[in-house]
Every structure is written in C-alpha cells, then in structure tokens.
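K.L.:
Let's see this in three dimensions:
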Amino acid sequence: MLSGVGAVVGALYFESVPTPEELALPESTTVYYADGTTPMAKLGTENRTILRYGEMNDAVRHSVVAAEDQTFWTNRGVDFGGILRAAWNNVTGGPTQGASTITQQYARIAADLKGVTYSRKLREAVMAWKLDDRYSKQQILEFYLNTVPFGRGAYGIEAAAQTYFGKTANRNAPPDNQVTVAEAMVLVAMVKQPEADPDDPQGSPGYDPSRGAQALENSKSRWAYVRDNMVALGYLSRAQADALSYPDTVRRPDPGARQTGLDRPTGLVVSQAMAELRRTDEFRDKPEDYLGNGGFRIVTTIDKRVQDVAEAAADIRRPSAPQIVRGQPPNWQAALVAVEPGTGRVLGYYGGTSGTGADYAGWYVDEAGKPHGFGAHPPGSSFKVYDLAEALHQNVSMKSHWDSPASKEFPASGRVDGSPAGPIRNAASARCQPDCTLWEATIASLNVTFFGLTEKLGAANVIDMASRAGIDSMWASQPGQADAVRVDLRGASGRDAGPRFSNEVGIGQYPVTVLDHANGMATFAASGKRADAHFVRSVSKRGDPVYTEKLAQRDVGLDQERINELNWTLRQVEAAKLPNGWDSAGKTGTWQRGNSLEENAHTWMVGYTRALAAAVWLGTTDGKALVTKDGKYDVYGATYPGAIWRQFMLDATAALKLDKNAYRFTQPTFAEDRTTTASPSPATPTSAKLGTATPSCRPPDCPSRKPGPSRSPSPPATTPGTPAKSAGHRSPVRLRRARR
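P.N.:
Prediction:
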C-alpha cells in the first residue's frame with residue numbers, strides 16, 4: 001500500500017519539488033574594512049553563512065549525524081521502519097512522531113512543507129529518495145547544515161557557531177577559533193526544538209540553555225544523548241566521551257545578531273557602499289534585498305586606522321575631540337571625509353554618530369530609490385580653491401594684482417548699491433589692500449577679489465573646474481520649489497549648468513557635500529589627476545570575485561607648474577600648516593546664517609598633503625547659528641573645523657606610518673611671462689592689473705585680522721541665474737532625513 005501511494009505521490013510532486021541547487025537561500029552579507037579581515041557590519045534578514053562540506057570541521061559533521069540520523073551514511077535517505085512506526089502510532093492515537101532522516105528533514109525544509117500529515121510524510125520520502133539518488137551523502141549533509149534553523153535567527157551551522165559561541169565551524173580557521181566537540185553537541189541539540197513553543201514557552205522552552213532552567217536541563221539531557229551516540233558510531237572513544245564536560249560558555253541572546261554594525265558611525269559607510277554598488281552593472285536592477293541577503297563579502301575602502309582617528313576628532317561629543325569643540329551646544333555637528341589622492345578611495349568617513357541617523361557628510365540613494373542625507377552645505381570661502389585652479393588654467397598668475405577694497409560694486413552681476421543683495425563686501429581685511437595679489441587675497445579670503453576673479457573667469461568655467469576636480473553635485477534654488485534642488489554635474493558642462501548659478505558660486509554660496517569637497521582636494525593632492533571617490537574595493541561570494549573597483553584618473557587640465565603654484569598659495573594659509581613637518585595645503589570657509597552679518601551657520605576646513613586629503617564641516621543640526629557655550633558668535637573655519645582637521649591630519653599621518661619626505665611639494669618657478677589669456681568681458685574688473693609684480697607683502701605680514709564668512713547683506717533673488725538665498729542647514733538645501 002505504501003509503495004503504491006508513494007508512486008502516486010511521486011508522480012504528483014516530482015516536477016514541483018525544488019532541488020538544492022534551485023534554492024535561493026537568504027545568506028548574511030558581511031561588510032569589511034579595507035584589510036578584508038576586520039568586519040564592519042553584517043546584513044541580511046536571516047543570519048546565515050554558507051560553508052562547503054570540506055570547510056566544516058569534524059565536530060559538527062559527526063555530532064549532527066549522532067543527534068539526528070545515526071544511519072545517515074548507510075540509509076537510502078528514508079527510514080522506512082521509522083515511517084511505519086510513526087504511521088502506526090499516529091493511526092492508533094499515539095503522540096505524533098516524525099521519524100525523519102537528515103535527508104527527509106532537508107527535503108521538508110527545502111519544499112517548505114508544514115504540518116504532520118500522511119501525505120507530507122510520503123512526499124518527504126519521495127523527495128528524500130530522489131535526493132539520495134542524485135546527490136552524495138556529503139552534499140546532502142552540506143545542504144542540511146546550511147539550511148536547518150538553530151534559533152536566535154541563526155540558520156546553518158556557521159551562523160549558529162558564531163551566535164552561540166562566537167566561534168566558527170570552519171576547519172580552516174585557527175583551532176582555538178573553531179567550535180569544539182562539546183560545543184558542537186550543544187548546537188546540534190537545539191535542532192530538535194530551536195525556539196520555545198509560543199503557546200507554552202514555560203513548559204516547552206526548547207533547547208537553548210540560556211532560556212531558563214528547564215531549557216538548560218533539556219539541553220544537557222540531549223547533549224548526553226548525542227555524546228553516547230558519538231561513542232556508538234565510533235566518533236569518540238568511551239574515554240574521550242567521559243572526559244567531555246558540558247560547556248558553560250553559551251552567549252546570551254543578542255537581538256541585533258542578524259544585522260550588526262549599522263548603529264555605529266560606519267553604518268553610514270555601509271549605506272554609501274550599498275548605494276554605490278546598486279549603480280554598478282553587477283547589481284543594477286536587482287531586488288531590494290539582493291545585496292543584504294546574497295551572502296556577499298564586501299570589502300570597503302575604509303582604512304580602520306584612518307576611520308578611528310576620524311571619529312576621534314570629528315565626534316565632538318567624545319573626550320578625544322579637540323578641546324575647542326568639546327562641550328559645545330548639543331545642536332553643533334561636525335562631518336569629516338578623507339580621500340586617498342590618486343585612487344579616490346574613501347579612507348575615513350564620519351557623517352554622524354549613528355549609522356541609522358542623518359548623514360551630514362554626504363547623501364545616498366536607498367534601495368527604493370529615495371535620497372537620504374544632510375551632507376550638502378554652503379562651502380563659503382573654501383570653494384575659492386576651485387577659483388584659483390581655474391585662474392591657473394586660464395594663465396592667471398597667483399602674483400597678479402587685483403583691486404581689493406573693503407566693498408565694491410559689480411554692475412555686470414547686479415551687485416550694486418540699492419540692489420537686493422548690495423555690493424560685495426569683504427568679511428576681513430589685509431595689509432595689502434586695496435591692491436592685493438591673488439595669493440595675498442587667498443590668505444585674507446577677500447570676497448571682493450574672488451567675486452571679481454569669478455566674473456573674469458566666468459562662473460561656468462569655475463563650475464567646470466570644480467566638477468572636473470571632484471564636485472559631482474551642487475544645489476541651487478528653483479522657482480516654485482521650497483527647497484534647493486540638486487544639480488548633477490557629472491557628465492554636464494559648466495555652461496549647461498551655468499544658468500542655475502550666478503557669480504556668487506565663486507565665493508561659495510551654493511552647497512556641496514563634504515564627500516565631494518574632500519575628493520576635490522584629493523585631486524589637487526594628486527597633481528591634478530582626478531579619481532572618483534568610492535567606498536567599495538571588491539565584492540566576492542564564496543571565494544569567487546563578483547565586483548572589483550575600477551581605478552581611473554582624469555586630468556583637470558593643470559600642468560605640474562600650475563599645481564605647484566596652487567600648492568604654494570594654499571600652503572600660505574595659516575590654518576593649513578601642520579606641526580609634524582608634513583607639507584600641507586588648505587583653505588578655510590565660513591557662511592552666514594540667513595541674512596545675518598554676525599551669525600554663522602557653516603564653517604569649513606579643507607586641505608591635503610600629497611598622501612591624504614580631508615574636508616571638515618562644522619555646523620548645526622537645526623540650521624540655527626553657531627553659538628559657543630559661552631554665548632559667542634565668533635565661530636570661523638580656521639578655529640573650530642580647523643582644529644578638527646589639524647588633529648585628524650596629524651593622527652592619520654602618524655597612523656599610516658608614511659615617510660613625509662616621500663610626499664614633499666615642489667617649489668613653483670612662477671614663469672615671468674605668464675599673463676591672462678581670458679577673453680575680456682563686461683564682468684572683467686576694470687582695476688585688475690594682471691601680471692607678475694612683486695607682492696606687496698609676504699606671510700605672515702598680510703593675513704586677515706580674523707577669518708570671516710562670505711557675506712551678503714540681504715537675500716539675493718532666487719530665480720535661475722541669480723544668487724540663491726544664503727541659508728542655514730535646512731535652506732537652501734534640505735535632503736530627506738536618513739531612515740537607517
């Protein structure tokens with residue numbers, strides 16, 4: 001009778017039964033630091049790590065057979081005697097029995113069969129017979145040990161070993177890191193009932209020893225049963241078995257075991273890495289959970305040494321942060337990004353204290369295509385680095401002289417007395433005024449000089465240079481939109497994007513991200529060779545490569561002499577100087593809150609050595625003014641973010657253990673015959689005297705009296721081609737708040 005029914009059931013179900021190769025088992029994805037061995041985070045709805053049979057140690061292979069199917073190596077996948085006993089017991093009203101071999105158990109899991117019925121038991125038998133005929137015993141045991149649940153969200157023996165003992169079942173790991181025979185027997189004991197009965201959790205708590213006295217007693221009893229079977233099967237001698245003791249090292253349950261590391265600052269790195277991978281050919285258009293549940297091994301670009309010092313410096317709530325930023329009001333927030341020149345690898349990233357909170361260093365797109373992050377901020381005078389680079393590109397010397405009064409009208413740009421924005425004003429002064437060289441104006445951060453320079457160069461050309469260097473996105477106001485709109489500069493020319501921006505771009509009005517700004521600095525550190533900033537070095541699955549970073553460089557159009565002049569100019573900025581002997585260059589920046597002439601909302605310090613580039617932003621989480629704990633408003637780029645940047649650069653260069661003499665800047669020659677080749681335009685400042693005259697003063701004789709923000713006395717218009725409103729954190733830029 002059973003044979004006849006089995007044949008019918010087999011005919012009905014044979015084609016619909018999924019084979020092990022057809023199963024798409026959810027498997028945890030692990031994200032690593034750049035060393036490829038230090039975990040950063042674990043992802044996935046199920047905690048599972050696949051091991052091949054040859055990778056499993058003998059402790060788990062032997063103990064599971066002893067616990068679940070002592071005839072596994074000799075049966076045909078079906079225990080017919082057990083089925084008959086179970087069937088008779090069920091027919092006569094006895095307790096329900098399973099009588100399943102390991103092969104049958106796997107078949108039930110694979111087909112997601114539920115409930116104890118005669119048809120299910122027959123179907124299991126047919127499937128198990130089929131599996132035993134097609135696959136080797138080693139393969140079937142591998143399938144089983146990678147699919148069976150062990151409780152606490154752990155699926156498969158490797159996840160169980162990590163969850164319960166913090167060890168591995170991989171025989172290739174160091175012996176001390178592998179689960180022992182005694183520990184393996186605890187694990188396989190839980191297969192019988194991995195979770196408590198929800199209807200009777202006290203009376204039937206299962207076999208997890210941490211769930212109470214009854215569960216512990218259940219585990220010990222089952223452990224002794226497995227130990228005796230190990231002796232009977234010849235896996236242990238009696239003496240070896242008697243020498244074993246029940247381990248008391250089972251870990252307490254961890255509710256976050258399925259996904260770990262996402263609540264730390266590096267959780268934002270994970271979000272950035274996932275967004276980056278979803279843009280690649282290998283992962284584009286995949287299901288939402290494909291990356292997290294795919295069992296991938298993702299190696300990021302983040303160097304743990306650099307990340308540690310980035311967090312220590314930029315997390316201003318920590319005692320390791322610079323003294324000047326500690327204890328400041330709770331709405332103060334810093335962000336820091338470090339990029340490796342020449343490769344674009346993001347070595348350190350701090351966008352906030354929690355990976356599930358807002359990202360103040362960048363923005364990313366989640367698996368549903370929604371943007372997240374608050375990483376775009378008006379760069380203020382720190383953006384003037386790109387003005388200088390474009391000036392050099394157009395053969396304007398750093399020693400050229402410019403009209404630099406305290407205030408000046410620019411009729412071609414609508415910045416005149418009586419206009420909504422009024423004339424351009426400097427926020428600081430210098431001894432060289434009113435006639436300053438470009439490098440002197442850089443040190444003093446004179447807005448009048450740089451606004452005139454932008455008119456001369458053309459705003460579209462400045463945007464082009466910024467885009468080529470690393471600025472992929474800028475935000476501008478748009479009619480009918482309450483919030484500023486992101487303008488994608490990738491693949492677009494400055495002339496295409498130009499109508500969205502005005503000449504105020506040259507003094508840093510339009511927001512950029514900390515990530516992009518750091519990449520721009522890395523480009524100049526790499527002698528004008530731009531590489532795309534990225535977070536992922538490689539992705540693999542079970543040892544097979546899936547994705548590898550694509551390193552490439554693009555020239556921004558500056559030869560080495562012009563790069564030398566840029567470096568020389570930015571080296572004169574006092575805030576960029578490091579006391580450890582490294583050659584360094586940089587620029588500060590400040591932007592006011594709304595229309596205020598006294599209150600600042602955004603402060604910056606950006607810069608580089610030839611080995612490392614970094615950008616630091618310091619602002620507020622609510623868009624309000626930066627007010628110190630003492631009630632003062634004198635918060636500038638050189639002081640507060642400058643302190644963070646300098647501490648980070650000092651500690652990072654020490655952590656990387658690089659030879660500073662291998663990363664020296666080259667002194668420029670300042671060719672005497674260089675003059676501007678830019679075409680005259682109505683925006684050209686009439687009093688600009690282009691040439692190579694001797695500077696009127698030299699550092700440190702002509703710095704500004706104090707660093708100051710870019711100012712506009714009243715809000716500019718918000719129509720295309722006119723300045724966007726100078727604003728705090730939420731305006732002109734407001735991105736969607738991060739969910740994760």
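K.L.:
so where do the strands sit in the stretch 551-700 of the chain?
P.N.:
In the stretch 551-700 of the chain, the segments counted as strands under DSSP state E, counting those that start in this stretch are 554-555, 585-592, 600-608, 613-620.
K.L.:
Give the buried residues for the longest helix belonging to the chain.
P.N.:
Longest helix in the chain, counting residues (DSSP state H): helix 213-232. In terms of neighbour count (16 or more other CB atoms under 10 Å), helix 213-232 has its buried residues at Ala215, Leu216, Asn218, Ser219, Arg222, Trp223, Val226, Arg227, Asn229, Met230, Val231. Bear in mind the C-beta positions are built from the backbone N, C-alpha and C, glycine included.
K.L.:
possible to save those residues as JSON lines with pLDDT?
P.N.:
Listed next are the buried residues of helix 213-232 as JSON lines, based on pLDDT from 0 to 100:
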{"residue": "Ala215", "pLDDT": "94"}
{"residue": "Leu216", "pLDDT": "95"}
{"residue": "Asn218", "pLDDT": "95"}
{"residue": "Ser219", "pLDDT": "95"}
{"residue": "Arg222", "pLDDT": "97"}
{"residue": "Trp223", "pLDDT": "97"}
{"residue": "Val226", "pLDDT": "97"}
{"residue": "Arg227", "pLDDT": "97"}
{"residue": "Asn229", "pLDDT": "97"}
{"residue": "Met230", "pLDDT": "97"}
{"residue": "Val231", "pLDDT": "97"}
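K.L.:
okay, those residues in JSON lines with distance to Ala531 next?
P.N.:
Shown next, in JSON lines, are the buried residues of helix 213-232 (distance: CB to CB, whole Å):
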{"residue": "Ala215", "distance to Ala531": "55"}
{"residue": "Leu216", "distance to Ala531": "57"}
{"residue": "Asn218", "distance to Ala531": "58"}
{"residue": "Ser219", "distance to Ala531": "55"}
{"residue": "Arg222", "distance to Ala531": "57"}
{"residue": "Trp223", "distance to Ala531": "56"}
{"residue": "Val226", "distance to Ala531": "56"}
{"residue": "Arg227", "distance to Ala531": "59"}
{"residue": "Asn229", "distance to Ala531": "59"}
{"residue": "Met230", "distance to Ala531": "57"}
{"residue": "Val231", "distance to Ala531": "62"}
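K.L.:
where does the stretch 551-700 of the chain have low pLDDT?
P.N.:
Where the stretch 551-700 of the chain drops to pLDDT under 70, the residues are 671-700.
K.L.:
follow-up on the earlier one: averaged pLDDT, the next helix or strand after the longest helix of the chain. What do you get?
P.N.:
Using DSSP states H and E, the helix or strand that directly follows helix 213-232 along the chain is helix 238-243. Computed over helix 238-243, the mean pLDDT rounds to 96.
K.L.:
Show me which positions of helix 238-243 end up buried.
P.N.:
Of the residues in helix 238-243, those buried by neighbour count under the rule 16+ other CB under 10 Å are Ala241.
K.L.:
got a list of contacts for that helix?
P.N.:
Arg227, Asp228, Met230, Val231 (CB atoms under 8 Å, 6 or more residues apart in numbering).
K.L.:
what residue lies at the spatial centre of this structure?
P.N.:
In the chain, the centroid-proximal residue (CA atoms, centre = their mean) is Val269; its distance is 1.1 Å.
K.L.:
Now for that residue: which residues touch it?
P.N.:
Val31, Met40, Thr300, Ile302, Val346, Tyr349, Gly355, Phe535.
K.L.:
hmm, try it at 7 Å
P.N.:
Met40, Thr300, Ile302, Tyr349, Phe535 (CB atoms under 7 Å, 6 or more residues apart in numbering).
K.L.:
so which of those residues is the most crowded?
P.N.:
Tyr349 (32 neighbours; other CB atoms under 10 Å).
K.L.:
Checking my notes, it in a helix, right?
P.N.:
No - using DSSP: H, G, I helix; E, B strand; the rest coil, the assignment for Tyr349 is strand, not a helix.
K.L.:
Bridged to it, which residues?
P.N.:
Val337 (DSSP bridges).
K.L.:
burial measure for the closest residue to Glu340 other than its chain neighbours, as a count.
P.N.:
Spatial nearest neighbour of Glu340, excluding adjacent residues (CB to CB, 6 or more residues apart in numbering): Leu347 at 5.4 Å. Leu347 has 26 neighbours, counted by other CB under 10 Å.
K.L.:
Could you do Gln560 as well?
P.N.:
Neighbour number of Gln560 under other CB under 10 Å is 11.
K.L.:
residue contacts, it?
P.N.:
Gln560 sits in contact with Ser527, where contact means CB under 7 Å, 6+ apart.
K.L.:
For Leu570, see how far away it is.
P.N.:
According to CB to CB, to the nearest Å, Gln560 and Leu570 sit 16 Å apart.
K.L.:
go on, Arg610?
P.N.:
Counting by CB to CB, the gap between Arg610 and Leu570 amounts to 13 Å.
K.L.:
And for Pro434?
P.N.:
Distance of Pro434 to Leu570, given as CB to CB: 23 Å.
K.L.:
And the two? Which one has more around it.
P.N.:
Legend: neighbour count by other CB under 10 Å for Pro434 and Leu570, higher for Leu570 (26 against 15).
K.L.:
which residues touch the residue lying closest to the more buried one once chain neighbours are set aside?
P.N.:
Spatial nearest neighbour of Leu570, excluding adjacent residues (CB to CB, 6+ apart): Ala585 at 3.6 Å. The contact partners of Ala585, taken as CB under 7 Å, 6+ apart, are Asn567, Leu570, Arg571, Ala576, Gly607, Tyr608.
K.L.:
now, among those, which is nearest to Ser382?
P.N.:
Taking CB to CB as the measure, Ser382 lies nearest Gly607 of those, at 9.1 Å.
K.L.:
Not counting its neighbours along the chain, what's nearest Leu658?
P.N.:
Per CB to CB, 6+ apart, closest to Leu658 is Ala611, 5.3 Å.
K.L.:
Likewise for Val65?
P.N.:
Phe72 (4.9 Å).
K.L.:
Kindly report the same for Leu656.
P.N.:
Nearest non-adjacent residue to Leu656, counting by CB to CB, 6+ apart: Arg305, 6.5 Å away.
K.L.:
Let me know the secondary structure of Phe72.
P.N.:
Per three-state DSSP, Phe72 ends up coil.
K.L.:
looking at it, it is touching Gln105, isn't it?
P.N.:
No - in this structure, Phe72 is not within contact of Gln105 by CB atoms under 7 Å, at 10.6 Å.
K.L.:
Tally up the residues packed near the residue nearest to Leu658, please.
P.N.:
Using other CB under 10 Å, Ala611 has 20 other residues around it.
K.L.:
Pick out whichever of the contacts of Val269 sits closest to Asn57.
P.N.:
Taking CB to CB as the measure, Asn57 lies nearest Met40 of the contacts of Val269, at 26.4 Å.
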